[in-house]
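Asker: Pasting a predicted model and its sequence here:
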Amino acid sequence: MELRVKVVAFRGAPESLNEQVVGKLENDFPRIVFRFVEDNPDVICFASGGSEREALLSIKPGRFYLFLASEQDNAYAAATEVKAWADNHKMSSVIVSMQRAREKNILEDLARVAGARKQLKGQKAALVGEVSHWLVASAFPLSLARERFGIDIIHLSWDQLPDYLSFKPDAELLKAFQGYNPENLENEARIHAFLKNIIEEYELNGITLECFNMVKERDVTACLSLALINSLGIVAACEGDLVSLTGMMLLKAITGTIPWMANLASVQNDTLLFAHCTAPLNQLTGVSVPTHFETGKSAALQGYVNMDEVTVFRLNTSLNKAFIADGRIISKPVHNYACRTQAEIALSS
């Protein structure tokens, strides 16, 4: 894990003060490799008061900064002044004391996120078709993903792509779902061949697909293909949902695991019901292949999510804030009023 850190102190401060803070960081956080820099830091470390102007030289719009304050020499006071300046200029930041950073592993967490951002830079994804018209809070200008995370999302309209049912049925999908469904899955396997072709041709790390029109117009879903693509390590989102695609790519970079993209189906007392007609195949047990929930056509994926402790995550449309909550799965129901794969989650208080 690596972090870029700028240490700031009062004008004319002795070099020994800087060296003292550098030594403390390296001693207290041995799992982190610190890169001490003048420009583009992840962390601004306040060694003393009177360091505010020096800190401002390294703060740029569109970035998040962690202000790390030493417990001595009015360092925390300087950090609060810079924090107030950042808030007034609508720049995202947080102050953390050295002690709290040690107790809560905050720098380690930040290093993981910084590493994820570095990993995402230059990754490619595609929107196939359009964002589904009902997703009024899940679309953004494609350039925003590049600005926030370095992800290059391209738009592939239907008229520039071959007919998805013109492909030969893909043997990988037919083998993966052999025995789950007595019905013929040839068209669903054609969708898998179509999506694999796009991923390979454009060298994609992620894809989101306007899938609902496919089942309405051609009686075929992409649910099984998306489940298989996710289980093979490439992020695949439904409904042309750009926010979910970006969040899934971010979480994969942080955790190494592609999350389940699910809809909030209901709220009952202190629990949430999440459901969707697809999920990463390798995250399910008890798999079956019924029809698609909303249309009763083609094929969807039903199973039991094979985890107990979970994190609920949702980016906002501006990609600069997220809802994050810990929870646990308390039941794995099969309600007839929600999409096929379901989990009831109680959030931590």
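Answerer: Yes, it's here.
Asker: Could you use CA atoms for every contact and neighbour count after this?
Answerer: OK.
Asker: Show me the shaky parts of the stretch 101-250 of the chain.
Answerer: By pLDDT under 70, the low-scoring segments of the stretch 101-250 of the chain are 181-183.
Asker: Next, work out how far apart residue 197 and residue 39 are.
Answerer: In this view, residue 197 and residue 39 are 42 Å apart by CA to CA, to the nearest Å.
Asker: and what of residue 291?
Answerer: Taking CA to CA, one finds residue 291 at 55 Å from residue 39.
Asker: For those two, indicate the residue with more neighbours.
Answerer: More crowded of residue 291 and residue 39, by other CA atoms under 10 Å: residue 291, with 19 against 13.
Asker: which residues touch stretch 323-341?
Answerer: Stretch 323-341 has contacts (CA atoms under 8 Å, 6 or more residues apart in numbering) with 265, 275-279, 290, 292-294, 300-305, 307-316, 342-348.
Asker: What is the end-to-end distance of it?
Answerer: Taking CA to CA, stretch 323-341 runs 22 Å from one end to the other.
Asker: Equivalent analysis for stretch 41-51, please.
Answerer: By CA to CA, the extent of stretch 41-51 from end to end equals 16 Å.
Asker: Please, where are all the strands along the stretch 151-300 of the chain?
Answerer: Using DSSP state E, counting those that start in this stretch, the strands of the stretch 151-300 of the chain run over residues 152-156, 206-209, 235-237, 263-268, 271-276, 284-288.
Asker: closest one to residue 176 among the ones you listed?
Answerer: Nearest to residue 176 among the strands of the stretch 151-300 of the chain is strand 284-288 (11.2 Å), distances taken as CA to CA.
Asker: Give the partner strands of the closest one in its sheet and their orientations.
Answerer: Strand 284-288 pairs in its sheet with strand 302-305 (antiparallel), by DSSP bridges.
Asker: Nearest spatial neighbour of residue 156, chain-adjacent residues omitted?
Answerer: In this structure, residue 156 finds its nearest non-sequential neighbour in residue 128, 4.9 Å apart by CA to CA, 6 or more residues apart in numbering.
Asker: I'd like the mean pLDDT over stretch 341-349, please.
Answerer: Per-region confidence: stretch 341-349 scores 94 on mean pLDDT.
Asker: please renumber so the chain begins at 23
Answerer: In the new count, where the first residue is 23, that last one comes out as stretch 363-371.
Asker: Quick check: buried residues in it?
Answerer: For stretch 363-371, burial by neighbour count (16 or more other CA atoms under 10 Å) applies to 363, 364, 365, 366, 367, 368, 369.
Asker: my guess is the residue nearest to residue 178 meets residue 224, correct?
Answerer: No: using CA atoms under 8 Å, residue 150 is not in contact with residue 224, being 11.8 Å away.
Asker: Contacts only, for residue 148.
Answerer: By CA under 8 Å, 6+ apart, the residues touching residue 148 are 175, 176, 177, 178, 226, 228, 229, 230.
Asker: mind listing what the fifth one touches?
Answerer: Going back to what we said before, that points to residue 226. Applying CA under 8 Å, 6+ apart, the residues near residue 226 are 145, 146, 147, 148, 220.
Asker: Next step: these restricted to helices.
Answerer: Per DSSP state H, helices hold the following members of the contacts of residue 226: residue 220.
Asker: residues contacting the nearest residue to residue 115 once chain neighbours are set aside?
Answerer: Excluding the flanking residues, the one nearest residue 115 by CA to CA, 6+ apart is residue 87, at 4.7 Å. Taking CA under 8 Å, 6+ apart, we find residue 87 in contact with 63, 64, 65, 66, 81, 114, 115, 116.
Asker: Pull out the buried residues from those.
Answerer: Here, 16+ other CA under 10 Å leaves 63, 64, 65, 66, 81, 114, 115 buried among the contacts of residue 87.
Asker: pLDDT at the last one, what is it?
Answerer: Reading off the confidence values, residue 115 has pLDDT 95.
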